[in-house]
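Trainee: pasting the structure only:
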């Protein structure tokens, strides 16, 4: 199913402006909170203030009497109207434990912040006032907030029905790690931690459900990534036929995984609308959004190496804190951490033992990187530890351990089949852009002045466009390309856009494949009534699967147009071209495409009799490389493409205060063929900012009772422009043999790599003190403590 | 979201303000730019039964009164920055204003008096006013009184201002000498973690106030360095001065007290260096 990248037209590969740029810049974008429906009511969620408790009683009498209130719903009542929410990734399919997830807590709460009741009122303000009047009586139970503590045999159990707090316990990797470690010249052990962070899109979550009593149908608008999945999940939970539900994705102001489906509020809003007999809107406050975590892991690693820096063995015992279980995909992320750990390095023996553990904290939500970011952080720390122990240049240790360019496709010990890449090439480009040698000399000069400059490198391997059988993570997608009689082209695709611009990229593909100008094309996404059954956006899949299926559908349509156009011109169908909106005979004669379109519809029994008179085509695209037949080690290969990147961060650390200033950032990246380089760069910049934030400042803090303290942006600090230099991007293209144009995904690369590069840079800066970095974020107090620790030992 | 109804007054002059305050019952909020109090009200961290809005009462502007400089309480940071005469008279105010987190939106609304009266341990203004020897001019139906800045602050978010008083103006003795200001933040969006405001007087003595190390700004007793600000003996002297002034450091989510105590001497040193350098303040 691979196609050579043949550029048929001018659009693919060029940095065409975002199709909706002017709409966004002039404030005309319609987000879910801009949608108003007649009789619309507003919902506010009442959330648990305790981490673990039985609900003794919920008194709603005062709330119900509050002005403007239409309805107050408790978990007990909700359970009569909705069943459990189906899992986006079914734990049973992964050998993991599950519990019923409901839209409101029923009987027990397991985290502070869990929805326990909902208030619906005429205005948001009235709903909030009434929500404060809902009285919940709790009988507290012991709680546990730390994953390693939760593994202790006498730890409080988050779920009564489970024998312990383990969601998943699994082994990954191949090779005899014991023997390799025993035979190594040197073994290094270390414990590495990533702190709990959150994705924080500019627009938080929101849904508007409208139950129509007249025809018994439900329409759900939302800031969503996966409308088709939502339709199915709501149908199952509410016991309604899927065909009675329409999901419409509004314009989305950033998602990063937070808006994948499975959150309790999605079903909740549908239940509220049905009971209230009116449209009900729920838009979350930032403090609700910050409850959901992106990652939190501890890695106990052992690395075996040769004296000249080759890594021969890697053992990692991973304890991943999932918070409480969720029907959303968040709990499954650590699986990707374990699978991606050895990254793009040739490590012959790898063994990862993963425990995914529940604690009484809010759940994880899928987050950009989806676990690969933590793998990158750990692996890049490991490589730097090796370099530092052996006194070798971290750049050369990477080079020595990379999978060489001539070894692709390459099967990693965890089973991933890396399609293509040139990792040393990325390293060379990054080092050149940095001026590495000169920078090292500058570092030495500054050290003599008592100033601490650091250079940190990090390699990042990003598998994208996943397929996980039996779950909603699907590796293909579907697009319909439809032409009107006047030649206007509507592209209806199953992939959605979180705001990154894949609609523009898809339009470029259709323009070139169809042979019409870009301006003729409108892309429609996210409406389950209009778009073919697809899977939305996650895992960087938009251009691979959406672009691929759009290309196939466009080619089908083009063939028809060429055939009929040729007939109209009296030319040989194989000798005509379609370009710039015309069918051209090659001898200078041409017929405009709209005329051909009209002919197909109005001359179906005449000049157009050679083709089926449908001016549309619907096609699915399945990229290659995916293989779910377990091999002799029981491994499957769920990713078609593997992007790669080499990040380099330059920092200066103030040893008196622990502050870090980021001076320069270079990303040499390779996502295969780029459909729109400007959109790729936009994704890279955003991912880098996320990684820098996770490395330096972002940290979700809970009190001893499990309540979130960092619930606003003055406490959970994201990078601002003054914190970041403009990243410099170097491009490299190693096409994928498995996709339509050789393009890979570009949505996730940057988070893990940037986080790791900055952390490595700080350790490098403080090398004169002998500092070892073992955790992120590296806030000034943490850095100062590292210096103190190094000085005292 | 603010869910309750509240009384709202926007009196046209100071007399109107003190009259409104004399009558107000319940939780009273005096509103300057609102950059801190309105998020508090929105998120339920504070509540208001009455809001007295100062925006129309004519309390902004910087003028000279004899040999003193009077800063109207509702003078915004942007007004400070665009007033060149004020910058010449009180350069420390300009330095402080230019470094306020949040960009033009916050600088256009945030006021010197608002920050002074809100008494956030981590704001820039309080320690600067203490270093400048400012007097807080409080007005009420009973008249006007002035309180030295170093006596004005009683605790985190707490001052001697009575509920029927408004901070109408801040009086600065004509500053002599040079000033230096440094603040340490964890990141661009961070509250200040440690601030140090230093005035170096013509006789060579220093007046040093540190902010965000304790729950209130503190004057510390620091001699000018005789062998440069990096002299370990002098740094030790500063450390002891800080410890003497701060028996109990301030801790919050962003940084605990131990860190603040640890870095405060370095921040003081940087401000002293700035004040001693020719011309006084550079940009922090």
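Mentor: Perfect, I can see it now. Everything numeric in this text was worked out from a predicted model, so none of it was measured.

Trainee: quick one: pLDDT of residue 278?
Mentor: If you meant another chain, say so; for now it's chain A. The per-residue pLDDT reported for residue A:278 equals 97.

Trainee: not quite, I wanted chain B
Mentor: Residue B:278 carries a pLDDT value of 57.

Trainee: quick one: residue A:120 is in a helix?
Mentor: No - looking at residue A:120 with DSSP: H, G, I helix; E, B strand; the rest coil, it is strand, so not inside a helix.

Trainee: what about stretch A:304-321, distance to the chain center?
Mentor: 27 Å (C-alpha atoms, centre = their mean, to the nearest Å).

Trainee: whoops, stretch A:236-247 was the one
Mentor: For stretch A:236-247, the distance to the chain centre is 26 Å (C-alpha atoms, centre = their mean).

Trainee: now swap in stretch A:609-627 and tell me
Mentor: 28 Å.

Trainee: stretch B:246-263 too?
Mentor: Counting by C-alpha atoms, centre = their mean, stretch B:246-263 comes out at 19 Å from the chain centroid.

Trainee: mean confidence for it?
Mentor: For stretch B:246-263, mean pLDDT rounds to 97.

Trainee: is that stretch in proximity to chain A?
Mentor: Yes - Stretch B:246-263 reaches chain A (C-beta under 8 Å from any C-beta of the partner chain) through B:253-256, B:259, B:262-263. No exception for glycine: its C-beta is placed from N, CA and C like everyone else's.

Trainee: how about the closest residue to chain A within the stretch 51-200 of chain B, what does it touch?
Mentor: At 4.0 Å from chain A, residue B:188 is the closest residue in the stretch 51-200 of chain B, using C-beta to the nearest C-beta. Neighbouring residues of residue B:188 by C-beta atoms under 8 Å, 6 or more residues apart in numbering or on different chains: A:719-723, B:101.

Trainee: switch to 7 Å and redo it
Mentor: A:720, A:722-723, B:101 (C-beta atoms under 7 Å, 6 or more residues apart in numbering or on different chains).

Trainee: do residue A:51 as well
Mentor: By C-beta under 7 Å, 6+ apart, residue A:51 lies in contact with A:111-112, A:143, A:360, A:705-706.

Trainee: among those residues, which pair sits farthest apart?
Mentor: A:111 and A:705 (11.1 Å; C-beta to C-beta).

Trainee: who's more crowded, those two?
Mentor: Under the neighbour definition other C-beta atoms under 10 Å in any protein chain shown, residue A:111 and residue A:705 were set side by side, and residue A:111 has more, 27 against 14.

Trainee: pretty sure the more buried one contacts residue A:359?
Mentor: No - between residue A:111 and residue A:359 there is no contact under C-beta atoms under 7 Å: 8.5 Å.

Trainee: one step back: from the residues of stretch B:246-263 next to chain A, pick the one nearest residue B:228.
Mentor: Comparing these against residue B:228 with C-beta to C-beta places residue B:263 closest, at 19.2 Å.

Trainee: what sits against the closest residue to that closest one other than its chain neighbours?
Mentor: Spatial nearest neighbour of residue B:263, chain neighbours left out: residue A:657 (4.9 Å); criterion: C-beta to C-beta, 6 or more residues apart in numbering or on different chains. For residue A:657, the contact set (C-beta under 7 Å, 6+ apart) comprises A:780, B:184, B:263, B:266.

Trainee: rewinding a little: please enumerate the shared neighbours of residue A:111 and residue A:359.
Mentor: Common neighbours of residue A:111 and residue A:359 (C-beta under 7 Å, 6+ apart) are residue A:323.

Trainee: make sure residue A:301 is indeed in a strand.
Mentor: Yes - assignment of residue A:301 by three-state DSSP places it within a strand.

Trainee: can you report how many residues lie near it?
Mentor: Neighbour number of residue A:301 under other C-beta under 10 Å is 21.

Trainee: which other helices and strands contact the helix of greatest length in chain B?
Mentor: Taking DSSP state H as the criterion, chain B has its longest helix at helix B:257-276. Applying 3 or more C-beta pairs under 7 Å, 6 or more residues apart in numbering or on different chains; DSSP states H and E, one finds that helix B:257-276 contacts helix A:780-792, strand B:178-184, strand B:194-200, strand B:206-211, helix B:232-245.

Trainee: residue numbers of the stretch 1-150 of chain B in contact with chain A?
Mentor: Taking C-beta under 7 Å from any C-beta of the partner chain as the contact definition, the stretch 1-150 of chain B meets chain A at B:1, B:3.

Trainee: apply 8 Å and report the result again.
Mentor: B:1-4, B:39, B:43.

Trainee: would TSV of those residues with pLDDT and secondary structure be doable?
Mentor: Output for the residues of the stretch 1-150 of chain B next to chain A, formatted as TSV (pLDDT from 0 to 100; DSSP: H, G, I helix; E, B strand; the rest coil):
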residue	pLDDT	secondary structure
B:1	89	coil
B:2	93	coil
B:3	92	coil
B:4	92	coil
B:39	95	helix
B:43	91	coil
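
Trainee: need the residues that contact stretch B:142-157.
Mentor: B:116, B:118-121, B:126, B:129-130, B:132-138, B:159-161, B:164, B:168, B:170-171, B:209, B:215-217, B:219, B:250.

Trainee: show me the contacts for the nearest residue to residue A:365 once chain neighbours are set aside.
Mentor: Closest residue to residue A:365 apart from its sequence neighbours, by C-beta to C-beta, 6+ apart: residue A:292 at 3.9 Å. Residue A:292 sits next to A:198-199, A:258, A:330, A:362-365 when contact means C-beta under 8 Å, 6+ apart.

Trainee: how close does residue A:292 sit to residue A:477?
Mentor: 26 Å (C-beta to C-beta, to the nearest Å).

Trainee: remind me which residues of chain A are low pLDDT?
Mentor: For chain A, residues meeting the criterion pLDDT under 70 lie at A:1-9.

Trainee: show me which of the contacts of stretch B:142-157 are buried.
Mentor: With burial judged by 16 or more other C-beta atoms under 10 Å in any protein chain shown, the buried subset of those is B:116, B:118-121, B:126, B:129-130, B:132-138, B:159, B:161, B:164, B:168, B:170-171, B:209, B:215-217, B:219, B:250.

Trainee: the stretch 251-400 of chain A: strands as residue ranges?
Mentor: With DSSP state E, counting those that start in this stretch, the ranges of strands along the stretch 251-400 of chain A come out as A:280-283, A:295-305, A:311-321, A:349-357.

Trainee: I'd like to know which of those lies nearest to residue A:530.
Mentor: Short answer: strand A:280-283, nearest of those by C-beta to C-beta, at 22.1 Å.

Trainee: can you pull the contacts of whichever residue of the stretch 51-200 of chain A sits closest to chain B?
Mentor: Residue of the stretch 51-200 of chain A nearest chain B, by C-beta to the nearest C-beta: residue A:129 (3.8 Å). Taking C-beta under 8 Å, 6+ apart, we find residue A:129 in contact with A:66-67, B:3-4.

Trainee: if any of those residues are buried, put those into a ChimeraX selection.
Mentor: Typed into ChimeraX, the line below selects the buried ones among the contacts of residue A:129, using 16+ other C-beta under 10 Å:
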select /A:66 /B:3
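
Trainee: how far away is residue A:605 from residue A:615?
Mentor: 16 Å.
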